[in-house]
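J.: Structural data only, the sequence is not supplied:
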């Protein structure tokens, strides 16, 4: 893997040598501001949906407490539900920050951080938070399954249903941030190959 | 996002218009067979480690049965442990197939499938299996935590230790396949941008 250095050669890009029949011809295109703008809109859409899903997952988990009797189960008694709540809150905060930077980039045409930091920051955080949400969702699902086995759910069914919904919303948030991480990964490789985040 | 079409223009690649000070110059380099070969060796290393870890996780989970008394817990009584075993077995089989295609590519210089299918196949499966292993690991961890809460572990401690080791090995396999998926994702974007899997 190479990093773009300070190499600025005026010579045309050399053609790829056709070594075997599977090679397809080099794709040549003009750089388009329109493409970058459309790409940014797509990222913005997925970040918005990640924000909505993870925020509602966190809120659902938080309001799972609403049982009246004092000996009924609370969500914070269960490690996996605390994990679901924490992961979704972190992702909601991160998403609202990323929505801000996306809107800024669409309107001003430049990134908030220097371009190198920005593309790596986006991709790295998207990846980590996607894996975080998925593991929270998997742990929450397993705990919810276990709770159905013991008597907790028959005695207090609304608790189980509400925590199931929170876990499911967390999975929806995971899907959104997964797509965001693929898009920002595309931008990283654009940057590594071309030295700019522009999409060809 | 663009796909490479049948466009084969002999004109030099246009320079990116410098719209703002964050833009760095276009990176120009010659395509190097050596780079591709080194890249393929790295992928092979991570696939080998994914194979070793996921195979040993599956075997460890399988041999967790070795308790002598008939009423002792068995791993297949627990949904999450079955999930851990299945996910790791699938990844082990997939990894051995991918080791074969990697070795083939290093020795023959061409891919097993056509290049377009190959790069997308690798990346898609790596992504899916990375998420599969992570969710299996998270669910297995949550179940192991729950088992410590009830009396299963005090009565039968070797069962719990062995299943913990299996889950941990599954996480190590996840890390290997995560790195593989990043590398094959890089190849996909190389292919999308340049129309070949060659790494510049």
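T.: Thanks, I have it. A quick note: this is a predicted structure, and the numbers were derived from the prediction, not measured.
J.: OK, contacts around residue A:125?
T.: When contacts are counted by CB atoms under 8 Å, 6 or more residues apart in numbering or on different chains, residue A:125 is found next to residue A:94. From N, CA and C alone the C-beta is placed, and that goes for glycine too.
J.: Would you mind giving the secondary structure of it?
T.: Reduced to three states with DSSP: H, G, I helix; E, B strand; the rest coil, the structure at residue A:125 is helix.
J.: and if you look at residue A:197?
T.: With three-state DSSP as the basis, the three-state label of residue A:197 is coil.
J.: Show me which helix runs longest in chain A.
T.: Longest helix in chain A by number of residues (criterion: DSSP state H): helix A:157-194.
J.: From the chain's centre, how far out is it? Work that out for me.
T.: Taking CA atoms, centre = their mean, to the nearest Å, the mean C-alpha location of helix A:157-194 is offset from the chain mean by 4 Å.
J.: Next, the buried residues of that helix.
T.: Neighbour-count burial for helix A:157-194, counted by 16 or more other CB atoms under 10 Å in any protein chain shown, picks out A:159-160, A:162-164, A:166-194.
J.: what helix or strand does residue A:98 sit in?
T.: The secondary structure element spanning residue A:98 is helix A:79-108 (assigned by DSSP states H and E).
J.: Just name the shakiest helix or strand of chain A by mean pLDDT.
T.: Among the helical and strand segments of chain A, the one scoring lowest on mean pLDDT, DSSP states H and E is helix A:152-155, with a mean of 70.
J.: State the pLDDT value of residue A:165.
T.: On pLDDT, residue A:165 comes in at 93.
J.: hmm, I was thinking of residue A:14
T.: Predicted confidence (pLDDT) at residue A:14: the value is 40.
J.: Next one: the residue nearest to the spatial centre of chain A from residue B:173, what distance?
T.: In chain A, the centroid-proximal residue (CA atoms, centre = their mean) is residue A:177; its distance is 2.1 Å. Taking CB to CB, to the nearest Å as the criterion, residue A:177 is separated from residue B:173 by 23 Å.
J.: now do residue A:42
T.: Distance of residue A:42 to residue B:173, given as CB to CB: 32 Å.
J.: and the angle for the strand or helix carrying residue A:60 with helix A:157-194?
T.: With secondary structure defined by DSSP H and E, residue A:60 is part of helix A:33-62. Using axes from the mean of the first three to the mean of the last three CA atoms, to 10 degrees, the inter-axis angle of helix A:33-62 relative to helix A:157-194 is 160 degrees.
J.: Now residue A:134. Nearest residue, chain neighbours left out?
T.: Spatial nearest neighbour of residue A:134, excluding adjacent residues (CB to CB, 6 or more residues apart in numbering or on different chains): residue A:174 at 5.0 Å.
J.: Might one say that the one you found is in contact with residue A:133?
T.: Yes - Residue A:174 is within contact range of residue A:133, at 4.0 Å (criterion: CB atoms under 8 Å).
J.: Count the residues that sit near residue A:93.
T.: Around residue A:93 there are 14 other residues, counting by other CB atoms under 10 Å in any protein chain shown.
J.: nearest spatial neighbour of residue A:89, skipping sequence neighbours?
T.: Sequence neighbours aside, residue A:58 is the residue nearest to residue A:89 in space, at 4.7 Å (criterion: CB to CB, 6+ apart).
J.: so how far is the helix or strand where residue A:130 lies off the chain centroid?
T.: Using DSSP H and E, residue A:130 sits within helix A:115-149. Centroid separation for helix A:115-149 versus its chain: 8 Å, with CA atoms, centre = their mean.
J.: cool, stretch A:40-58 as well?
T.: 8 Å.
J.: residues of that stretch that come out buried?
T.: Residues of stretch A:40-58 classed as buried by neighbour count (16+ other CB under 10 Å): A:40, A:43-44, A:46-58.
J.: Residue A:112: what's its closest spatial neighbour, skipping adjacent residues?
T.: The spatially closest residue to residue A:112, leaving aside those adjacent along the chain, is residue A:101, at 4.8 Å (CB to CB, 6+ apart).
J.: who's in contact with the nearest residue to residue A:189 once chain neighbours are set aside?
T.: Taking CB to CB, 6+ apart, and ignoring the residues beside it in sequence, residue A:189 has residue B:189 as its nearest neighbour in space, at 3.4 Å. Residues touching residue B:189, when contacts are defined by CB under 8 Å, 6+ apart, comprise A:185, A:186, A:189, A:190, A:193.
J.: any idea which of those residues is closest to residue A:73?
T.: Minimum distance to residue A:73 across the contacts of residue B:189 is 40.1 Å, recorded for residue A:185 (CB to CB).
J.: Low-confidence regions, chain A specifically.
T.: By pLDDT under 70, the weakly predicted segments of chain A are A:1-32, A:65-72, A:151-152, A:155-156, A:198-200.
J.: again, only this time at 80
T.: Scanning chain A for pLDDT under 80 picks out A:1-36, A:65-73, A:149-157, A:194-200.
J.: which residues are contacting stretch A:87-98?
T.: For stretch A:87-98, the external contacting residues (CB under 8 Å, 6+ apart) are A:47-48, A:50-51, A:54-55, A:57-58, A:61, A:122, A:125, A:129, A:132-133, A:135-136, A:166, A:169-170, A:173, A:177, A:180.
J.: Make sure the residue nearest to residue A:112 is actually in contact with residue A:111.
T.: Yes - A contact is recorded between residue A:101 and residue A:111 when judged using CB under 8 Å, the distance being 7.3 Å.
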